[in-house]
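[1] quick one, fold the following:
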Amino acid sequence: MATIRWEDRVTAFAEREDRKYYSVTVEDPSKSTEFEGGYVASRPRHARKQLRRTISTGFTDLSPSDADALQTLWNDVRGGSLIFIYLDKHKYEAALWNAQKTNPKATVDKAPYRMYVRFKSGEQMKFTPVGFGSNLRWDVQGITLEEV
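    Numbering: from 1, shown residues only. All right, here's what the predicted structure looks like:
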């Protein structure tokens with residue numbers, strides 16, 4: 001099975017990924033143990049040089065079909081079971097904006113802003129209805145992605 005890419009699945013509504021739900025948390029790579037007398041021994045948790053990040057994000061004003069597409073992605077990767085590729089849209093757009101300040105036609109490679117992630121175990125996406133009837137839209141929050 002080929003690796004699923006986030007940007008391929010959310011292309012229709014990628015612009016709805018809302019910065020108000022976006023945050024990045026960096027894992028503490030150390031393991032510490034306290035002893036009697038106030039002594040603390042610490043060591044690296046693992047030999048991995050790159051720090052693992054946890055990304056929280058969400059969407060605003062999704063149509064019912066877009067909300068279904070997001071749920072389909074969740075089902076296809078079986079929640080946190082399978083790894084997929086996430087494009088950090090906010091960092092990519094910031095790099096693109098900085099490049100285009102001096103050259104309006106500049107482009108930026110997306111590769112450095114892609115990462116392998118999975119949905120964080122035990123977390124749940126929260127779908128909140130906004131409006132009703134033919135104006136029904138969805139706000140989605142609580143999407144937590146863990147770098148692998």
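[2] check which helix or strand residue 123 maps to.
    For residue 123, there is no host helix or strand (DSSP states H and E).
[3] helix/strand/coil for the closest residue to it other than its chain neighbours?
    In space, residue 123 comes closest to residue 144 once its chain neighbours are excluded; the distance is 4.2 Å by CB to CB, 6 or more residues apart in numbering. Every C-beta, even on glycine, is put in place using the N, C-alpha and C of the backbone. Under DSSP: H, G, I helix; E, B strand; the rest coil, residue 144 falls in the strand class.
[4] pLDDT score for residue 144?
    On the pLDDT scale, residue 144 is placed at 93.
[5] the worst-scoring helix or strand of the chain on mean pLDDT: what's the following helix or strand?
    Across the helices and strands of the chain, mean pLDDT, DSSP states H and E gives its lowest value to helix 6-9, namely a mean of 83. Next helix or strand after helix 6-9 toward the C-terminus (DSSP H and E): strand 23-26.
[6] adjacent strands (with direction) for that next one?
    Sheet partners assigned to strand 23-26 using DSSP bridges are listed as strand 53-62 (antiparallel).
[7] so what pairs up with the residue nearest to residue 123 in the strands?
    According to DSSP bridges, the partner residues bridging residue 144 are residue 56.
[8] tell me, how many residues neighbour it?
    The number of residues packed near residue 144 is 22, by other CB atoms under 10 Å.
[9] how near is residue 53 to residue 60?
    Separation of residue 53 from residue 60 (CB to CB, to the nearest Å) stands at 23 Å.
[10] quick check: which helices or strands does the least confident helix or strand of the chain pack against?
    In terms of contacts (3 or more CB pairs under 8 Å, 6 or more residues apart in numbering; DSSP states H and E), helix 6-9 is packed against helix 64-76, strand 84-87.
[11] low-confidence regions, the protein specifically.
    Applying pLDDT under 70 to the chain flags the ranges 1-2, 48-49.
[12] quick one, phi/psi of the residue of the chain positioned farthest from its centre?
    Distance to the chain centre peaks in the chain at residue 37, reaching 42.1 Å (criterion: CA atoms, centre = their mean). In terms of degrees, to the nearest 10, the main-chain angles of residue 37 are phi 80, psi 10.
[13] returning to what we had before: please say which of residue 53 and residue 60 ends up with more neighbours.
    Taking neighbours as other CB under 10 Å, residue 53 and residue 60 compare with residue 60 leading, 18 against 15.
[14] no further questions, thank you.
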